[in-house]
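**Q** Whatever this is, show me its structure:
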Amino acid sequence: MNSSVKTRILQPLRIGKHIARHPIIQGAMAVRVSGAKLAGAVANAGGVGVIASLGLGLDSPYFDKRKKRSFFTANRLALIDELAKARSISPDGVIGVNILVATKDYSVLAQTAAAQGADIIITGAGLPLALPEYTAAYPDVALVPSVANMEAAQLICETWQSRYNRLPDALIVENCQQVGGHFTQCEQVNIPGFSFELVIRQLRDYCQNHLGARIPLIVSGGISDRTDIDRMIAIGADGVQIGTRFVTTVECDADQRYKDYHLQAQPEDIVTVPSPVGKPSRALHNLFTEQVMSNSSNLEKRCIANCLETCLCRDHGKTYCLLQALAQAARGDVENGLIFSGANAGYTQDIISVPELMTELTQAHTIEVSSSDKY
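**A** Purely as a prediction, here's the structure:
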């Protein structure tokens, strides 16, 4: 069999008018796990740094715990602060904000992010059918919905095209079998012949042949190293979104105990638990997840901020307060909080800096390629 040596170099990622040197988007991890420090560092290192907007105001000086309604004002002001901090770290980098469609202040945060200089707005936890309306005054802001399947992408694209005469600047495609945090259950997984590669091919064909556009596709879920990145590029992705590996960096905004818990985790520690948003979520096993699975009476079911449009905890007394659970963990209470994680837990045993991680993920390397190598 003939073989040759090939140097593989990752190409820049263009999303709308913004170009990142490396095709890597840092995942948005709430509450205050991916804030200004992490997003700024990733943007500085050539990736797309992302601030998770959920719950930013919770521990801010703007929030008066005695006045629940002040939470939304606090969130908006905290997002302004966080964007300014991230931009001071990376004046020329690509910085995005992740906003959950399921939150009550989704439209306000989208408008705020656009007005305060976010380059990209990424959405999750719902279909952002009206997002272009909220950012119409800021045409340079790229809009990137997260989708789990062909049907969601098609609905978003066709709605935006008919209402606003525009398409998404990119799509983040979630691998429901690997992605951390909330995920959409994929009934297709059990269909013979299903593969994530097939989803990417279908989306690429739909964008090119039905929409007449080349929309960048960014894959999210279970991506740990350069081999995973190369594999995703090979199946047709333009870039990747990586969350869990950025938790164990110096610049990650979470408490050190949160980072250490990730360091100690192994794949067998990954559990799936229900969430107040009505979706399953992937997290690390701890006392909290045990209580969730047993529906313990010790779970915090007091709504602390009225943050979600629909909430099983607030509306029906089921599950737990999502905001409180995520915040507890990020503050360092790793037994009594919810610790989201992708399926690549246990990959690393050291805390390293963002520049070191980005170098590891992106540096050019040579490989021996056989004549039958599909890459």
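
**Q** Packing partners of the longest helix along the chain?
**A** Criterion DSSP state H: the longest helix present in the chain is helix 70-89. With contacts taken as 3 or more CB pairs under 8 Å, 6 or more residues apart in numbering; DSSP states H and E, helix 70-89 sits against helix 36-44, strand 48-52, strand 94-100, helix 106-115. Where C-beta positions appear, they are placed from N, C-alpha and C, glycine not excepted.

**Q** right, so of the ones you listed, which gets closest to Gly317?
**A** Nearest to Gly317 among those is strand 94-100 (22.0 Å), distances taken as CB to CB.

**Q** next one: that closest one to chain centre, how far?
**A** Remark: strand 94-100 is offset 9 Å from the chain centroid, using CA atoms, centre = their mean, to the nearest Å.

**Q** what comes into contact with it?
**A** The contact list for strand 94-100, computed with CB atoms under 8 Å, 6 or more residues apart in numbering, reads 15, 18-20, 25, 28, 39-40, 43, 47-54, 79, 83, 86-87, 106, 109-110, 113, 117-126, 142, 144.

**Q** Would you write a PyMOL line that selects the buried entries of the residues you listed?
**A** Buried members of the contacts of strand 94-100, defined by 16 or more other CB atoms under 10 Å, are picked up in PyMOL with:
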select buried, resi 15+18+20+25+28+39+40+43+47+48+49+50+51+52+53+54+79+83+86+87+106+109+110+113+117+118+119+120+121+122+123+124+125+126+142+144
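
**Q** re earlier: got a list of contacts for the longest helix of the chain?
**A** If you take CB under 8 Å, 6+ apart as the criterion, helix 70-89 is touched by 35-37, 39-41, 43-44, 49, 51, 53, 55-58, 60, 62-64, 95, 97, 104-105, 108-109, 112-113, 116-118, 305-307.

**Q** got the angle for that helix vs helix 36-44?
**A** 40 degrees (axes from the mean of the first three to the mean of the last three CA atoms, to 10 degrees).

**Q** which of the residues in helix 70-89 are buried?
**A** Buried residues in helix 70-89, counting neighbours by 16+ other CB under 10 Å, are found at 71-83, 86-87, 89.

**Q** Was I right to think Glu360 contacts Arg226?
**A** Yes. Counting by CB atoms under 8 Å, Glu360 touches Arg226, with 7.2 Å between them.

**Q** Between the two, point out the one with more neighbours.
**A** A count of neighbours by other CB atoms under 10 Å puts Arg226 above the other of Glu360 and Arg226, at 16 against 13.

**Q** Report pLDDT for the nearest residue to the more buried one once chain neighbours are set aside.
**A** Closest residue in space to Arg226, ignoring its immediate chain neighbours: Leu361 at 5.7 Å, by CB to CB, 6 or more residues apart in numbering. Per-residue pLDDT puts Leu361 at 93.

**Q** wait, what's in contact with Met232?
**A** By CB under 8 Å, 6+ apart, Met232 lies in contact with Val219, Ile223, Val240.

**Q** Settle this for me: Glu174 is touching Ala148, isn't it.
**A** Yes. Between Glu174 and Ala148 there is a contact under CB under 8 Å: 4.7 Å.

**Q** how many other residues sit next to Asp315?
**A** 11.

**Q** Quick check on it: phi, psi?
**A** Main-chain torsions, Asp315, degrees, to the nearest 10: phi -80, psi -30.

**Q** which element is Val292 on?
**A** Val292 is located in helix 287-293, with elements delineated by DSSP states H and E.
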